[in-house]
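*Asks:* Quick one: sequence plus predicted model below, questions after.
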Amino acid sequence: MFRIAAFILLLFAIAFGFAWLADNPGTVAVQWDWLNQGQIYEFDLITLIVALGVIFLTSIFTWWCFFNIINSPKAFGRWRSGRRRDKGYAALSKGLVAAGAGNVPLAKQLARDSAKFLDDEPLVAMLEAQTALLEDNRPVARQQFNRMLESDQTRLLGLRGLYLEAEKEGAVEAAAHFAKEANNLAPGTPWAATAVLKVQTISGQWEEAIRTLDLNRSSNVFEKATYNRKKAVVLTALAMQQEEGEPEQGRINALAACKLAPELVPAATVCARLLVRLNDSRKAGKILEASWRASSHPDIADAYVNLNAGDSAAQRLVRARKLTAHARDDREGLFAMAKACLDAGDFKDARDVMEIILRESASERACLLMADIEQAEYGDRGRVREWLSRAVSASKDPTWISEGVVSDDWMPCSPTTGRLDAFEWKAPMQQLGAHKETLDLSRLANEPLQEIETVDLTTDDTHDIVEQSASTPEVVGATDPTSASNEDVGDTDIVILEPAKTQPENDNVNSDESDIQDPSVSADSKSFLADASDPVSPYHQTDLDIDKDGVIDHRPDDPGIGEEKPKKEGWLF
């Protein structure tokens with residue numbers, strides 16, 4: 001906007017100047033002895049100004065042409081390099097797309113083209129590394145990643161590539177080295193922070209892990225909830241490490257973990273143990289009660305019921321009743337109550353509580369606890385074996401699971417991948433059973449085949465067997481059908497033999513007429529047989545037998561087989 005206003009003002013100034021000169025004309029006299037031998041030339045002022053402007057513009061144009069001619073080699077070189085650069089970036093862009101799409105041959109070709117046109121472009125090394133990874137040529141990929149370290153723009157990318165390659169090959173120390181360098185180079189990088197944290201948790205460097213979490217929290221790598229959870233897990237692990245040697249410092253770390261994540265069960269249990277060890281059972285009970293309200297867990301119930309080592313069974317029962325007073329229908333609270341009743345010898349209450357548990361789900365732990373009750377109250381080995389057999393096929397109870405690994409005790413990180421806070425309290429996957437109607441082919445293959453005795457029966461014998469079976473069913477496995485008891489009949493299979501279907505030797509018209517005269521034959525059947533026996537009927541027309549073999553080729557109501565058109569035979573068609 002300012003430039004437009006300045007240009008308009010300049011035009012107005014020029015127009016005003018020419019108007020002023022037109023209103024105030026003047027004459028300019030030129031006398032130069034070398035040019036005109038002392039002769040005087042007179043010009044109008046406007047003419048002189050126009051002539052001087054033309055001379056000035058001509059001089060500028062002449063200088064521009066001379067300058068372009070002198071600098072034309074450099075300009076041609078810049079144009080040529082710009083064209084090469086444009087071709088290189090176009091090939092680089094297409095190569096990255098081809099590599100992302102998995103087109104390895106095209107990506108390799110475009111990588112060569114981009115390397116030919118772009119000499120010092122760091123992204124070319126990234127394309128070549130990606131192409132090498134697609135070909136599973138890891139030495140070339142590592143070479144390209146090391147090449148990226150030479151440029152400040154791609155150093156972080158090269159470190160990430162080298163870290164991933166070291167992690168795939170199982171080089172833990174090399175992976176930790178690259179992750180630390182990346183974290184020092186760019187502290188706000190999420191993958192570097194996570195990798196460093198994983199290395200520290202695997203090696204048990206919990207204090208360094210806390211510093212890493214705090215550093216990356218200031219860089220907004222982790223959200224507040226994620227940061228609190230991870231730090232609580234690390235503080236819990238540190239408190240467990242300090243439980244034997246430094247109980248006071250472990251108590252401080254455990255209390256901080258409970259404050260950050262009240263639902264973290266291991267933090268509450270280790271804090272309670274440390275508080276009891278430091279003679280503060282009252283505070284330990286409050287910590288467990290708060291954690292129980294956040295997440296009911298059998299470890300919390302066991303730690304609360306057995307808070308003091310010298311408590312009697314009656315005192316533990318009182319604690320169990322107090323724990324389950326707020327949530328009487330909680331399954332874990334009912335388990336704690338049943339176990340406390342069993343220890344106190346209150347078998348009636350234990351059975352009442354177990355009845356509620358079994359009504360909901362007869363899990364493995366419930367069956368084992370019922371076996372303990374049967375053993376403690378009656379010592380009935382039969383009932384104990386029955387509950388133990390039920391426990392084998394019962395549903396599994398929740399336990400600590402991390403990436404397919406089942407553990408009885410909680411651990412701060414996964415033993416397979418090192419991921420922090422990987423263990424979850426849930427029921428393990430169960431094997432699906434076969435349907436009740438599914439055949440077990442392995443059992444059928446092992447059982448011997450039973451031979452079946454075949455008997456030739458005539459028509460009269462068949463009718464006698466049918467009459468006898470209609471009056472008295474045959475019981476398989478009994479010598480005398482009339483003497484078989486009800487239990488035998490209920491435990492055996494009843495087989496009703498049907499008469500064998502036999503065809504007469506001669507199918508003639510006389511047999512058909514006899515069937516027609518049979519009063520048991522229906523009217524439709526009589527009409528059908530009468531039509532079949534009529535010589536005029538379509539069933540006896542000879543024109544239905546095309547090939548003269550005595551067999552009717554199609555039904556009377558069938559239009560027949562159409563005439564086949566002769567196939568054309570020739571060289572081309």
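*Replies:* Cool, got the structure.

*Asks:* For the residue most central in space within the chain, give me phi and psi.
*Replies:* Residue closest to the average C-alpha location in the chain (CA atoms, centre = their mean): residue 403, at 12.8 Å. Backbone torsions of residue 403, given as degrees, to the nearest 10, read phi 50, psi 50.

*Asks:* these two touch, right, it and residue 422?
*Replies:* Yes - contact criterion CB atoms under 8 Å: residue 403 and residue 422 qualify, at 6.2 Å. Every C-beta, even on glycine, is put in place using the N, C-alpha and C of the backbone.

*Asks:* Mutual contacts of these two, please.
*Replies:* residue 414 (CB atoms under 8 Å, 6 or more residues apart in numbering).

*Asks:* which residue sits closest to residue 222, ignoring its sequence neighbours?
*Replies:* Excluding its sequence neighbours, the residue lying closest to residue 222 (CB to CB, 6 or more residues apart in numbering) is residue 216, at 6.1 Å.

*Asks:* pLDDT at the one you found, what is it?
*Replies:* Note on residue 216: pLDDT of 80.

*Asks:* Next, it: secondary structure please.
*Replies:* Secondary structure, DSSP: H, G, I helix; E, B strand; the rest coil: residue 216 is helix.

*Asks:* Where do the strands of this protein begin and end?
*Replies:* In the chain, the segments counted as strands under DSSP state E are 27-31, 40-44, 399-402, 405-407, 424-426, 474-475, 494-495.

*Asks:* now the ones you listed in JSON lines, with distance to residue 59, mean neighbour count and mean pLDDT?
*Replies:* JSON lines is the format used below for the strands of the chain (distance: least, CB to CB, whole Å; neighbours: other CB atoms under 10 Å; pLDDT from 0 to 100):
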{"stretch": "strand 27-31", "distance to residue 59": "19", "mean neighbour count": "11", "mean pLDDT": "77"}
{"stretch": "strand 40-44", "distance to residue 59": "20", "mean neighbour count": "11", "mean pLDDT": "76"}
{"stretch": "strand 399-402", "distance to residue 59": "85", "mean neighbour count": "18", "mean pLDDT": "91"}
{"stretch": "strand 405-407", "distance to residue 59": "88", "mean neighbour count": "13", "mean pLDDT": "89"}
{"stretch": "strand 424-426", "distance to residue 59": "86", "mean neighbour count": "12", "mean pLDDT": "90"}
{"stretch": "strand 474-475", "distance to residue 59": "133", "mean neighbour count": "16", "mean pLDDT": "40"}
{"stretch": "strand 494-495", "distance to residue 59": "127", "mean neighbour count": "10", "mean pLDDT": "40"}
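
*Asks:* Nearest to residue 244 among the ones you listed would be which one?
*Replies:* Residue 244 sits nearest to strand 405-407 of all the strands of the chain, at 21.0 Å, using CB to CB.

*Asks:* and the closest one, what does it pack onto?
*Replies:* Under the contact definition 3 or more CB pairs under 8 Å, 6 or more residues apart in numbering; DSSP states H and E, strand 405-407 sits against strand 399-402.

*Asks:* can I get the CA coordinates of the strand it packs on in PDB?
*Replies:* Taking C-alpha atoms only, strand 399-402 is exported to PDB below (Å, rounded to 0.1, in the frame of the first residue of the first chain):
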ATOM      1  CA  THR A 399      -3.400 -62.300  38.800                       C
ATOM      2  CA  TRP A 400      -0.600 -60.100  37.800                       C
ATOM      3  CA  ILE A 401      -0.100 -60.300  34.000                       C
ATOM      4  CA  SER A 402       2.300 -58.400  31.700                       C
END
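
*Asks:* partners of it in the sheet?
*Replies:* Using DSSP bridges, strand 399-402 pairs in its sheet with strand 405-407 (antiparallel), strand 424-426 (antiparallel).

*Asks:* Show me the shaky parts of the stretch 351-500 of the chain.
*Replies:* Confidence mapping of the stretch 351-500 of the chain against pLDDT under 70 gives the ranges 430-500.

*Asks:* Tell me where the stretch 1-150 of the chain has helices.
*Replies:* 2-23, 33-36, 45-70, 72-101, 104-117, 122-134, 138-148 (DSSP state H, counting those that start in this stretch).

*Asks:* same thing with the stretch 201-350 of the chain?
*Replies:* Going by DSSP H, counting those that start in this stretch, the stretch 201-350 of the chain shows helices at 206-218, 224-241, 247-260, 265-277, 281-294, 298-305, 313-323, 331-344, 347-360.

*Asks:* Pull the contacting residues for the residue nearest to the centre of the chain.
*Replies:* Contact analysis of residue 403 by CB under 8 Å, 6+ apart lists 414, 416, 417, 419, 422.

*Asks:* if we go to 6 Å?
*Replies:* Contacts for residue 403 (CB atoms under 6 Å, 6 or more residues apart in numbering) come out as 414, 416.

*Asks:* mean pLDDT for the helices of the stretch 201-350 of the chain: which is lowest?
*Replies:* Ranked by mean pLDDT, the helices of the stretch 201-350 of the chain end with helix 206-218 at the bottom, a mean of 86.

*Asks:* hey, what's residue 395 bridged with?
*Replies:* Per DSSP bridges, the residues bridged to residue 395 are residue 363.

*Asks:* count of neighbours near it?
*Replies:* 14 (other CB atoms under 10 Å).

*Asks:* now it: how far from residue 89?
*Replies:* 62 Å (CB to CB, to the nearest Å).

*Asks:* got it, and residue 99?
*Replies:* 15 Å.

*Asks:* who has more neighbours, those two?
*Replies:* residue 99 (23 against 15).

*Asks:* quick one, what contacts the more buried one?
*Replies:* Per CB under 6 Å, 6+ apart, neighbours of residue 99: 107, 130, 131.

*Asks:* Out of those residues, which comes closest to residue 149?
*Replies:* Nearest to residue 149 among these, with distances taken as CB to CB, is residue 130, at 16.5 Å.

*Asks:* Quick check: closest non-adjacent residue to the closest one.
*Replies:* residue 99 (4.4 Å).

*Asks:* And that neighbour, what's its pLDDT?
*Replies:* Per-residue pLDDT puts residue 99 at 85.

*Asks:* before we move on, the earlier item: from the helices of the stretch 1-150 of the chain, which stretch is densest packed?
*Replies:* Counting by mean count of other CB atoms under 10 Å, helix 122-134 has the highest mean neighbour count of those, with a mean of 22.

*Asks:* how many neighbours does residue 266 have?
*Replies:* 25.

*Asks:* That one contacts residue 236, doesn't it?
*Replies:* Yes - applying CB atoms under 6 Å as the test, residue 266 and residue 236 come out as touching, 5.3 Å apart.

*Asks:* that older thread, now distance to residue 259 too, for the helices of the stretch 1-150 of the chain, in CSV please.
*Replies:* Formatted as CSV, these follow (distance: least, CB to CB, whole Å):
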stretch, distance to residue 259
helix 2-23, 62
helix 33-36, 103
helix 45-70, 77
helix 72-101, 46
helix 104-117, 53
helix 122-134, 45
helix 138-148, 43
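
*Asks:* Having no further points to raise, I will conclude here.
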